[in-house]
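S.K.: I need the structure of the sequence given here:
(chains A and B)
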Amino acid sequence: MEEINIGDYSLLGKSIPRIDAYEKVTGEAKYAADIELPGMLWCKILRSPLPHAKILNIDISRAKRLTGVKAVCTAKDFKGFRWGWMPITRDEPPLAEDKVRFYGEGVAAVAAIDEETAEEALELIKVDYEELPGVFDPEEALKEGAPVVHDYRPNNISWEFHMDFGDVEKGFKEADLVREDRFATGRVITGFLEPPAAIALWNSSGITIWAAKQSPYFVYRHLAQCFNLPLNKIRVIQPFVGGGFGGTKNDSVAGDFCSVLFSKMTGRPVKFVYKMEEVFLTCRRRHNAIIYNKMGMKKDGTITAMQSRLIADGGAYTAIGPLTMYLTGCISTLPYKLPNFKHDAYRVFTNNPVGAAMRGHGVTHTRFAAEIQMDMMAEELGLDPMEIRLKNAIEAPYETINKVTIFSCGLKDGLLKLKEHPLWKERKKENKDKETISGVGISGVAYLGGARQRGYQSCAAVLRLCEDGTVEYLTGATDAGQGSDTVLTQIVAEELGLSIDHVDIQRVDTAYTPCDAGSYGSRVTALAGEAAMKAAKDLKRQLAEYAAKEWNVSSEDIVFKNNKVYPKHMPDKAIPFRKLAQIACYSGVGAVIIGRGYSQYGIEPYDFEKGIGNAGTAYSFTSQLTRVEVDKETGFTKCTDMIIAHDCGKPLNPGLVESQNQGASVQGLGQAIYEEFVMDRGRTLNANLADYKMPTAVDAPNIEVIHILTDDPKVPYGAKEASEGAIVSSPPSVISAIHDATGIWFKELPVTPEKIALALREKKKE
Amino acid sequence: MEKKEIRFKINGEDTVISIKPNKTLLEMIREDLKLTGTKEACDHGECGACTVLINGVPVNSCLVLAMEAHGKEILTIEGLKQDDRLDPIQEAFIQNTGMQCGFCTPGMIMSTKALLNRNPKPNDDEIKEAIAGNLCRCTGYTKIFESIKDASSKIGGK
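M.R.: Down below sits the predicted model:
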């Protein structure tokens, strides 16, 4: 088993196999779509064939008469309910009300005895539309006279966010070189394999829903609001989750609301499972963004100022977009020293599917622009891309101009490791054959972990001691695949000195588990980890009091280790943990031993209007080398190697940290060279996995992960985030490698073979 | 549509079932036989999550009609474990963290099973080729390659 010494621990720092691995390799693991209830109905949603249209009339009478159809609903049945991330941005109805705003938006839904009948019934619903002129490009949408998507935002600006620190004009004056470029990031989707699904039941106890969510407490609140029920009547039960990556599974989908409503209407359980085509046509995707970036640099490579203007395609609704805009700017002041910074971000409504969170949220756009521009300027000034990063890299402790505070930073260490790596050192020596040219690129980025979210920060752990010395662990945190259940269990077992199999973590059930914001913003290890640690210490403290009485020593001198308990310096007196549990549980006072803990990292405020302060608890630093081979004729690019030097502080489970980095970097590779929705007036033309190309096993490079150890006092056991950095570092390092191979800078993602082949042909002509 | 009776062996068990001829093998496995370990993701043969073996050959069960199973031997993820003993492939995926969310895992393991049955000592390219039709969004594939190599070394005796 792989092991990294991160301190005097039995379990932390070890690549313990995932605690859910057995269920996953045997097929036992139940996901939402695997659950069936007797008498269950199927819910299907009728989707708009137009991107922007008034709904004049919906005739559901024929569908209702079809044998096997039990209920049909439209927006009217939701009585004006709309949801959104902030009270002032609640603009999205479960089904379109007076007009549809994007192609594929739900307009009506059917519940029937089986999937086939439900699908047949959809064809019998007649909707009369009056098509409206649509707007599909965010820059077009900003122009005077552009079609208006929402009346409450007549200029189509869904959200704007501005930062202004130092004096950028002064900074540009001080520079020897100033560059302005236009960059663009692509239209991509999270790409989880498990489509959204849920099975809902409404009865006298309220609502119970088994739903595929990475943030079950979001849909919990949405359902309470939508159906006007108290929260203790909403029970969201989280099955295994087949991938999340932000956006859709952080949020509610039309199917959630419709299946609950149908259960209320029919008294029967109602299930929905989206088709992959529905996922691609209608689910949340990453905002695609245009970034006008301006950077000033001295001859020696020192960055004097940066100014970014970002225009993001928000699609038809606000969703979590305000946070996206915040994240495009708030850590642009990392990981390089930046004395002057101005940022203007505009999220723009269009008649496209909704832009929302995705792994690397917000940061990926602006960091891509800044990294590539920095490389371009280094090239103009004749500076080495490695040296320019080393020169500007921050070192801890550090405070940025917008008061982001850094207590640990492994960026320089990582870059120095990469500088000595054979892939970097020998990059110029390679023999390039006639057909392909190779190149190596570099990037260095920061990402926030333990994200703080306004009003949704609660995060706690409850441990219940069983009389045989085993422990039930309740947490509101969700493992969407990243492995947090394993890491959190490691933490509890470590603190109690137990083997990992003595602690049983429960998946979220809002009837029992403590409220939590779920998996996003790389927050689980930092925040739920802190709660777990504190709960275990609380349980241990109570048990130690019983032990202290037995031995007549101070409770602080009780040691918990290897499933045993003993007074400090007297290991020969050890009794099994099980025995102490029995003593405590049978003590006769009637007490049940429960350990409780909650995270307090999230309470420090930050200024969401101006971009001041820490939106994260601690910050990871990732530097990356990428090697590509480019076919000179076809432009086909094969990524052969990635070396990721990752500072997640202390890796609590190194295998899981590596896997997170590997997965994120390949997802980033997809964004860099493969993935892109092809759109025609709001319609997604490649809404399937054959035409929307995600990297396969054949496309995956060799990936080496180098752990850069740092010690951050802000997070439990010094563990920072370990998944989002590499999706931010991947695209710029890939594009920098393509430049190294071809001599051409590409500023718009994805860099497809066509773009490369065309650019190479142009270059030849010159 | 009139149901038809078919007979086949699934995970070693003789089975007789009446089934609508337009049902896919995937639908029969999940809905009629309640073997939900086999996953439905794309339903178009593009992701490999529904991979099962028919007479040892891996197929996307969403693209095959249930009727095709008649007279054949089907193996799904539930059939790999023998008397509570995991298949060495399952063991290797556990030990090498060859999964994250686990949704692609049953299909990934079945493709691996077919590969190692016909070629117990595959090289790197053969491994990549064998799972090229199985998408994984979580792992970046590295730990899956390591799992397959480990399984191969255990099965092949190295």
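S.K.: check contacts around the most centrally placed residue in chain B.
M.R.: Chain B has B:Met110 as the residue nearest its centroid, 2.9 Å off, counting by CA atoms, centre = their mean. By CB atoms under 8 Å, 6 or more residues apart in numbering or on different chains, the contact set of B:Met110 is B:Thr51, B:Val52, B:Leu53, B:Pro58, B:Leu75, B:Thr76, B:Ile77. For glycine as for every other residue, the C-beta is placed from the backbone atoms N, C-alpha and C.
S.K.: Quick check: residues of the stretch 651-766 of chain A near chain B?
M.R.: Residues of the stretch 651-766 of chain A lying close to chain B by CB under 8 Å from any CB of the partner chain are A:655-656, A:658-667, A:688-690, A:694-698, A:700, A:702-703.
S.K.: Would you verify that the residue nearest to the centre of chain B is located in a strand?
M.R.: No: B:Met110: not assigned to a strand; according to DSSP: H, G, I helix; E, B strand; the rest coil it is helix.
S.K.: Nearest residue to it in space, ignoring adjacent ones along the chain?
M.R.: For B:Met110, ignoring the flanking residues on the chain, the nearest one in space by CB to CB, 6 or more residues apart in numbering or on different chains is B:Thr51 at 4.4 Å.
S.K.: repeat for A:Asp740
M.R.: A:Gly439 (3.1 Å).
S.K.: re the thing from before, tell me which of the residues of the stretch 651-766 of chain A next to chain B fall in helices.
M.R.: Assigned to helices by DSSP state H, the following of these qualify: A:Gly655, A:Leu656, A:Glu658, A:Ser659, A:Gln660, A:Asn661, A:Gln662, A:Gly663, A:Ala664, A:Ser665, A:Val666, A:Gln667.
S.K.: got the CA positions of the longest helix anywhere in chain A in CSV?
M.R.: The longest helix of chain A (DSSP H) is helix A:529-551. Only the C-alpha atoms of helix A:529-551 are listed here, as CSV (Å, rounded to 0.1, in the frame of the first residue of the first chain):
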residue,chain,number,x,y,z
GLY,A,529,-13.1,16.6,7.7
GLU,A,530,-12.8,19.2,10.5
ALA,A,531,-16.3,18.2,11.7
ALA,A,532,-15.3,14.6,11.7
MET,A,533,-12.1,15.3,13.6
LYS,A,534,-14.0,17.3,16.3
ALA,A,535,-16.8,14.7,16.6
ALA,A,536,-14.2,12.0,17.1
LYS,A,537,-12.4,14.0,19.7
ASP,A,538,-15.7,14.7,21.5
LEU,A,539,-16.5,11.0,21.6
LYS,A,540,-13.0,10.2,22.7
ARG,A,541,-13.2,12.8,25.5
GLN,A,542,-16.4,11.2,26.9
LEU,A,543,-14.9,7.7,26.7
ALA,A,544,-11.7,8.8,28.2
GLU,A,545,-13.6,9.9,31.3
TYR,A,546,-14.8,6.4,31.9
ALA,A,547,-11.3,5.0,31.3
ALA,A,548,-9.8,7.6,33.6
LYS,A,549,-12.1,6.4,36.4
GLU,A,550,-11.1,2.8,35.9
TRP,A,551,-7.4,3.6,36.1
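S.K.: What helices and strands are in contact with that helix?
M.R.: Packed against helix A:529-551 by the contact rule (3 or more CB pairs under 8 Å, 6 or more residues apart in numbering or on different chains; DSSP states H and E) you find strand A:460-465, strand A:471-475, helix A:484-496, strand A:558-561, strand A:564-567, helix A:577-585, strand A:594-598.
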